[in-house]
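>>> What would the 3D arrangement of this be:
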Amino acid sequence: LSCIALSLLPDYGKMRSLSFDGVNDKVTFATDGLLPVGFTFEARLKTPVGIVQERPIFVTQANEVYIAVAESGGFYIKTASPAGGNLITTELINDGLWHHVAAVIDGTNLIAYIDGARVKTVAKTFAAVVSRWTIGNSPTHADLDWFSGELSEVRVWDDVRTDAEVSEFSKCDVIQSNEK
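Purely as a prediction, here's the structure:
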């Protein structure tokens with residue numbers, strides 16, 4: 001089990017975060033990473049109230065995996081696989097408050113969590129992919145899609161996290177000893 005974490009440690013009870021202006025901010029990993037058939041993405045985020053434009057959170061080089069704030073304000077997960085549907089939650093995350101979001105992709109389903117609770121599951125196949133990862137922008141739509149808001153505690157796990165594990169980590173705000 002391994003995890004890649006981008007973490008900003010809290011400062012006396014205050015959340016530290018990366019601030020994205022929605023114009024030109026992004027984090028691109030220097031080398032390609034493997035997303036296995038089963039993996040989990042987690043992050044804390046806060047977006048401006050009522051944002052109504054799709055905003056990418058985590059995207060692979062050719063959009064094999066695309067995790068975003070949907071135009072509707074819900075949590076959006078899609079994969080490039082043709083079998084199955086994409087996922088958009090009706091629960092909103094564009095309310096100006098901090099939310100923990102998690103996307104579990106287990107090879108046959110897309111599973112969305114908001115603030116530790118499983119909110120939606122959609123059947124969709126997924127094959128492992130080796131690709132460059134970007135936070136805050138879509139490489140294939142670089143001039144259009146930019147995340148607006150704050151991100152903290154970004155984690156990419158190389159396994160399928162359980163409901164209990166996602167719930168537990170939604171309450172944590174620092175890197176755990178088993179994360180690298």
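
>>> how about low-confidence regions in this structure?
The chain contains residues with pLDDT under 70 at 1-15, 83-84, 141-143, 173-180.

>>> Return the set of buried residues in stretch 58-73.
58-61, 63-70, 73 (16 or more other C-beta atoms under 10 Å). (Each C-beta comes from the backbone N, C-alpha and C, glycine too.)

>>> With secondary structure and distance to Thr40 as new columns, can these be given to me in TSV?
What follows is the buried residues of stretch 58-73, written out as TSV (DSSP: H, G, I helix; E, B strand; the rest coil; distance: C-beta to C-beta, whole Å):
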residue	secondary structure	distance to Thr40
Phe58	strand	11
Val59	strand	16
Thr60	strand	15
Gln61	coil	20
Asn63	coil	19
Glu64	coil	16
Val65	strand	12
Tyr66	strand	16
Ile67	strand	11
Ala68	strand	17
Val69	strand	18
Ala70	coil	20
Gly73	coil	23
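
>>> Identify the farthest-apart pair in those.
Within the buried residues of stretch 58-73, Gln61 and Gly73 form the most distant pair, 26.7 Å apart (C-beta to C-beta).

>>> now the helices for this protein?
Taking DSSP state H, the helices of the chain run over residues 163-170.

>>> longest strand of it?
Using DSSP state E, we find that the single longest strand of the chain is strand 148-157.

>>> Any idea how far it is from the middle of the chain?
7 Å (C-alpha atoms, centre = their mean, to the nearest Å).

>>> Could you please name the strands it pairs with and the direction of each pair?
strand 3-6 (antiparallel), strand 18-21 (antiparallel), strand 39-46 (antiparallel) (DSSP bridges).

>>> Now do the residue lying closest to Leu144 once chain neighbours are set aside against Gln53, distance only.
Of all residues not flanking Leu144 in the chain, Ser138 sits nearest, at 7.6 Å (C-beta to C-beta, 6 or more residues apart in numbering). Separation of Ser138 from Gln53 (C-beta to C-beta, to the nearest Å) stands at 12 Å.

>>> Give me the more crowded residue out of those two.
Per other C-beta atoms under 10 Å, whichever of Ser138 and Gln53 has more neighbours is Ser138, with 22 against 13.

>>> sorry, back to before: quickly name whichever of the buried residues of stretch 58-73 is closest to Tyr113.
The closest of the buried residues of stretch 58-73, once distances to Tyr113 are taken by C-beta to C-beta, is Ile67, at 11.8 Å.

>>> Alright, I will stop here.
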